[in-house]
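> Provide a 3D model corresponding to the input given below.
(4 chains)
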There are 4 protein chains.
Amino acid sequence: MHIMVTNDDGINAPGIIALAAALGELGTVTVVAPDREQSAVGHSLTLHAPLRVFELRKGFYAVDGTPTDCVNMGIHSLLPHRPDLVVSGINHGANLGDDVTYSGTVAAAMEANLMGIPAIAVSLATLAFERQGHFDNAARVALGIARQVTANGLPADTFLNVNIPNCPAEEMQPTLITRQGKRSFVGTIIDKTDPRGRKYYWIGSVEPAFNDEEGTDFHAVNRKHVSVTPLHLDLTNHDSMKVLSQWPL
Amino acid sequence: MHIMVTNDDGINAPGIIALAAALGELGTVTVVAPDREQSAVGHSLTLHAPLRVFELRKGFYAVDGTPTDCVNMGIHSLLPHRPDLVVSGINHGANLGDDVTYSGTVAAAMEANLMGIPAIAVSLATLAFERQGHFDNAARVALGIARQVTANGLPADTFLNVNIPNCPAEEMQPTLITRQGKRSFVGTIIDKTDPRGRKYYWIGSVEPAFNDEEGTDFHAVNRKHVSVTPLHLDLTNHDSMKVLSQWPL
Amino acid sequence: MHIMVTNDDGINAPGIIALAAALGELGTVTVVAPDREQSAVGHSLTLHAPLRVFELRKGFYAVDGTPTDCVNMGIHSLLPHRPDLVVSGINHGANLGDDVTYSGTVAAAMEANLMGIPAIAVSLATLAFERQGHFDNAARVALGIARQVTANGLPADTFLNVNIPNCPAEEMQPTLITRQGKRSFVGTIIDKTDPRGRKYYWIGSVEPAFNDEEGTDFHAVNRKHVSVTPLHLDLTNHDSMKVLSQWPL
Amino acid sequence: MHIMVTNDDGINAPGIIALAAALGELGTVTVVAPDREQSAVGHSLTLHAPLRVFELRKGFYAVDGTPTDCVNMGIHSLLPHRPDLVVSGINHGANLGDDVTYSGTVAAAMEANLMGIPAIAVSLATLAFERQGHFDNAARVALGIARQVTANGLPADTFLNVNIPNCPAEEMQPTLITRQGKRSFVGTIIDKTDPRGRKYYWIGSVEPAFNDEEGTDFHAVNRKHVSVTPLHLDLTNHDSMKVLSQWPL
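Numbers count the residues shown, from 1 in each chain, chains lettered A, B, ... in the order given. Below you'll find the model as predicted:
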């Protein structure tokens, strides 16, 4: 059993270290992860420039690219053979609702899924992107889900988006299968002036602000449940096809 | 009627210039686009660094970020008021099937949709990313679809992904409402050596390689139809929820 | 007479446009300049990644690199033949004293000098990097100096660093040949918190703060003289060689 | 005695690890170095964007910037107090002749010198930027020179550029005090096509190609001597001032 691990917080982040250690119980782990933080890069692929790889230590490869690049590099080039499972995370901060489309962590699992490899994205719902959290607990949860994926196989065209509440094991509520929630508010721009007197802009608050509807990932994590959402790559809004076919295009 | 135009090929690309000119017939156009090519950046948001804006000429703003950044900058900061429509493109190369998840062009429309603004992504199906194409024809098609969106409004939670065959108007077939197709093959890595003797890697061929199924975007464009696919942001694979709820998680 | 023009403020900056226009009186001008601002990049050469070129319009090439990269690209690849003169600027802000070692504008002239081509760096002493200035006047001054360089030739191993006061022609004082001054104060770091609550650092004030010694570039410009400093690439402190040779190394 | 160590090959390079270990004999060492390779960045200062710091382990700080940025970050922000010495290296590859103006390793020492702190740049003359070399021997040499700098102090306005032949200790020849040599050949551009059929350019061979003159750094290292060159920041070509003052400017 060979497992490839990646993330978007960078190869030195506590979350990936905890994850790689826990998954070692299930198989041989190879880490291929960005050399720098790559949050919110979405399903971004570096086509315009080359990539470099640096082997930090045995089985730990740092790539100067995105999580999606790492999955490509690992599977097509660095790993001795195709992995049986790709696990991405543990992300510092939840990946919920519409925000999964921004997530580098989720995109890495999406890329593995495109290649036909079972894949799981794992995030810890720390607040305000704080760097401290119950990563050891989250890593145990991730290991449990990875075992189930290995035992049962995933349904066709499906990868998992797992969000874990940031609390000790004893406070954690049972795992729920959820659907992707909806954002209720979208960012702001902060404009400032740099030390040389020039204007710059910073994309602001992306704090969780979701509709608290039952059955959603947000609703579950907000009540200390582990949330497991099955995702696919099909963005088609099938319900709208009929409406549009009435248009005189 | 105010229209914001963006793209991922950069503010100097022929596609965006043709698009902005054509949409001028429908309303006042403001262009907010990346200062450099940003292909395949997906739904990538720059949270880790600030952004800079350069007004190249009246109504043309270059941003040193991604298409998603441009939509944020335009709507939250640069435009005098909220636009009635966001159009992204005309991309040099099709955005079809699972590849829409990589597309910066599609992500810009996705971002506008998240903000509740009607949005269209437009791509010209040039081969091998060639820079030449029937952009004037494609711009006329985009204008026609923009008029329909304005006249009818879009269904809830829907933005459009439009792909136009690269041919003269007289060869073009009627517009079809399609679903997102599926990739049949995923990239390769090319490894090379730089002039200083160091290894580097380049993510290789991403040429269209889709299942040629009827009803898909790929099937339509491949036969010189204009393809219009209604998309949303919900990645949930609802069919898999039932299966997963049987798991002992 | 063929002249290559570059800068570090980017190909759309007012300074380079004024310079290219004025030098048109002296010969055929080709502009090869960075697509984005590249201030304070020093003599930085992109060896680790490839470069891209975009021809914005006839004779105007944007490169996604540093001023030093632009000189290389222009001379080894883009220009039809080796230029007779390279002029870099007009920089928005002075390049004085020890700060010339940080300057991308000066580095471009340095690179041309390394290749054996007469070279001039031109800067306008606007304050606080303000974007407005007497660029037309400065461009006339640059043209005059370029004529002299063409008529007389430059001494061996010499390129020129020209700083022009930001004032109307009638207030400008005669040109002085100067030596490089000395900084009296070196920067600060400003630390801040980004919208996600993470710390970042910004290298602070680099406002001119030089010893106001007679004979220096700073002293001249500070009194509205045009300053012309002959530079070379030799950083050896010859006076120290004797001292060091006493050491028991 | 507090020593700050930096480099341009990145914080994980063998050269900086050997250097930091050896200098531990002389005092307390803090490493502040780029998180990625930053070769040939010259005296480049990041003014346009903020910097991030990541403490990899106690006393090892990775910065997402240039060597010059690292010196600023270390001295103005990260170190508990001003260091007594800054040592930059051990660079993988020599820094000789006119090429010192490109060198990030040399620029870091230059920056410390600007701040009034004794500074040494150390490079190992490996060929073709190969990653293997006699770093332990070079680190012993660097320690010896650091001891001398501490014992004697450096002459005013002087920092040292040290180049060490890549050979075992027993083959090494005595240390020579040298002057900066001259390049005899300047690069090329290689143009290629990327996997998507687009042209790109790579700045080519920068292999040592210097005039082999006695007394120069190149001549010394080429004969297996350790070369120590005293440098300063004054680029003025004083000999040319007289010639230029005859011009009718």
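> mind listing what A:His134 touches?
A:His134 sits next to A:Leu124, A:Asn166, A:Cys167, A:Pro168, A:Ala169 when contact means Cβ atoms under 8 Å, 6 or more residues apart in numbering or on different chains. To be clear about C-beta, it is placed using only N, CA and C from the backbone, and glycine gets the same treatment.
> In ChimeraX, how would I pick out whichever of these are buried, leaving the exposed ones unselected?
Buried residues within the contacts of A:His134, by 16 or more other Cβ atoms under 10 Å in any protein chain shown, are selected in ChimeraX with:
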select /A:124,166,167
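> As a markdown table, the contacts of A:His134 with distance to chain D, pLDDT and secondary structure would be great.
Below are these laid out as a markdown table (distance: Cβ to the nearest Cβ, whole Å; pLDDT from 0 to 100; DSSP: H, G, I helix; E, B strand; the rest coil):
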| residue | distance to chain D | pLDDT | secondary structure |
| --- | --- | --- | --- |
| A:Leu124 | 19 | 96 | strand |
| A:Asn166 | 22 | 95 | coil |
| A:Cys167 | 27 | 93 | coil |
| A:Pro168 | 26 | 92 | coil |
| A:Ala169 | 29 | 95 | helix |
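> Adding distance to C:Thr101, write the contacts of A:His134 out as TSV.
Formatted as TSV, the contacts of A:His134 follow (distance: Cβ to Cβ, whole Å):
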residue	distance to C:Thr101
A:Leu124	46
A:Asn166	48
A:Cys167	54
A:Pro168	55
A:Ala169	57
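> nearest to C:Val87, of the contacts of A:His134?
A:Leu124 (55.8 Å; Cβ to Cβ).
> quick one: A:Asp234 and B:Gly181 touch, right?
No: using Cβ atoms under 8 Å, A:Asp234 and B:Gly181 do not qualify as a contacting pair, with a distance of 9.6 Å.
> Look up which residues are beta-bridged to A:Tyr61.
A:Val32, A:Glu55 (DSSP bridges).
> Beta-bridge partners for A:Asn163, please?
Beta-bridge partners, per DSSP bridges, of A:Asn163: A:Ser123, A:Ser227.
> what's around it, how many residues?
27 (other Cβ atoms under 10 Å in any protein chain shown).
> Could I get the buried residue list for the longest helix anywhere in chain A?
Secondary structure assigned by DSSP state H gives helix A:135-152 as the longest helix of chain A. Of the residues in helix A:135-152, A:135, A:137-143, A:145-146, A:148-150 count as buried by neighbour count, 16+ other Cβ under 10 Å.
> need the strands for chain A, in chain order.
A:2-6, A:28-34, A:53-57, A:60-63, A:85-92, A:119-125, A:159-165, A:173-177, A:189-193, A:199-203, A:225-231 (DSSP state E).
> Relative to C:Val29, which of these is closest?
Nearest of the strands of chain A (Cβ to Cβ): strand A:199-203, 31.2 Å.
> Next, see if the closest one gets close to chain C.
Yes: counting by Cβ under 8 Å from any Cβ of the partner chain, chain C has neighbours in strand A:199-203: A:Trp202, A:Ile203.
> Would you mark the buried spots in that strand?
When burial is assessed from 16+ other Cβ under 10 Å, strand A:199-203 yields the following buried residues: A:Tyr200, A:Tyr201, A:Trp202, A:Ile203.
> Would you mind checking which of the residues you listed is nearest to chain D?
Using Cβ to the nearest Cβ, A:Tyr200 is the member of the buried residues of strand A:199-203 that sits closest to chain D, with 8.6 Å.
> Any figure for the gap between the closest residue in space to the closest one that isn't next to it in sequence and C:Arg196?
Nearest residue to A:Tyr200 in three dimensions, chain neighbours excluded: B:Pro50, at 4.0 Å (Cβ to Cβ, 6 or more residues apart in numbering or on different chains). Distance of B:Pro50 to C:Arg196, computed by Cβ to Cβ, to the nearest Å: 13 Å.
> Settle it for me: which of those two has more neighbours?
B:Pro50 (23 against 19).
> ok, the more buried one - contacts?
Contacts of B:Pro50 by Cβ under 8 Å, 6+ apart are A:Lys192, A:Asp194, A:Tyr200, A:Tyr201, A:Trp202, D:Ala49, D:Pro50.
> same check, this time on A:Pro165
Applying Cβ under 8 Å, 6+ apart, the residues near A:Pro165 are A:Ala125, A:Glu171, A:Met172, A:Gln173, A:Val221, A:Lys224, A:His225, A:Val226.
> Return the list of helices and strands in contact with the longest helix of chain A.
helix A:14-23, strand A:85-92, strand A:119-125, strand A:159-165 (3 or more Cβ pairs under 8 Å, 6 or more residues apart in numbering or on different chains; DSSP states H and E).
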